[in-house]
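Student: Quick one, what's the 3D model for this:
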Amino acid sequence: MRRTPRATRARCRRGFSLMEVLVAGLIIATSVVGMMQFAFMDYGMTGQSTNMSAATSIGRSAIEAVRMAGFANAPEGTQTVYYDMNGDYPPATTSSSSSIYAAQTIITSDILNGSTPAPGALRTVQVKVSLISTGQVVYTTYTYLASGGV
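Tutor: The predicted structure is shown next:
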C-alpha cells in the first residue's frame, strides 16, 4: 500500500476550487434569471387577462343595452361611454381621472328615412372597448338589428 504525503492529503481536504465555485455561481444565477423572467411574464399575462375580462363584460353589456332599446329606439351614429376599473354600470358619458375603459358603440342602418331607420332596414351595431391609457382596442363585437327581430 502506498502512502500519500501529508501535503497531498491536506490539499484534498481544503474545500472547493475557484473554478467549482464559479461554475456553481453561474448555474444559480442562470436559474434565478430564468425564474424572474417567468414571474414578469406571468405578471404581464395576468394584467392582460384582467383587461380582456373587463372589456368583454363591458362590450357585452353595451350590446345588450342596444338590444333592450330595440330597433326603433337605438340612436343612429356613434356614442362613447367611459368605465372605471370595475366596469360599474351605468357608465359615465364624460371621461374622468378614474376612467380606464372607453366603449364606443356605432350603429348604422342600410336604409334611412331622413335620420331614422326605414322599417325594412338592417342595422349594424359595433362595440369597441379600448384602454384609455394606451388607446389599444381590447375587445370588439358586432350584432345586427332588424325591425322584426333576427
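
Student: From now on I want contacts and neighbour counts done on CA atoms only, so please keep to that.
Tutor: OK.

Student: what's the next secondary structure element after the single longest helix found in the chain?
Tutor: Assignment by DSSP state H gives helix 18-69 as the longest helix of the chain. Next helix or strand after helix 18-69 toward the C-terminus (DSSP states H and E): strand 77-83.

Student: Which other helices and strands does that following strand contact?
Tutor: Strand 77-83 is packed against strand 101-109, with contacts defined by 3 or more Cα pairs under 8 Å, 6 or more residues apart in numbering; DSSP states H and E.

Student: other SSEs contacting the strand it packs on?
Tutor: helix 18-69, strand 77-83, strand 122-131.

Student: okay, those, which one's buried deepest?
Tutor: strand 122-131 (a mean of 22; mean count of other Cα atoms under 10 Å).

Student: quick one: contacts of that strand?
Tutor: 55, 58-59, 62-63, 71, 100-111, 117, 136-147 (Cα atoms under 8 Å, 6 or more residues apart in numbering).

Student: Next: stretch 109-120.
Tutor: 72, 76, 121, 122, 123, 124, 146, 147.

Student: so the first one makes contact with residue 147?
Tutor: Yes - under the criterion of Cα atoms under 8 Å, residue 72 makes contact with residue 147 at 7.5 Å.

Student: what sits against residue 139?
Tutor: Residue 139 neighbours (Cα under 8 Å, 6+ apart): 52, 55, 56, 59, 128, 129, 130.

Student: and which of those is nearest residue 16?
Tutor: residue 52 (52.4 Å; Cα to Cα).

Student: What about the nearest residue to the closest one once chain neighbours are set aside, how many residues nearby?
Tutor: Excluding its sequence neighbours, the residue lying closest to residue 52 (Cα to Cα, 6 or more residues apart in numbering) is residue 138, at 6.3 Å. Using other Cα atoms under 10 Å, residue 138 has 18 other residues around it.

Student: Run a quick check on residue 138 versus residue 50, I expect a contact.
Tutor: No - between residue 138 and residue 50 there is no contact, the gap being 10.8 Å when judged by Cα under 8 Å.
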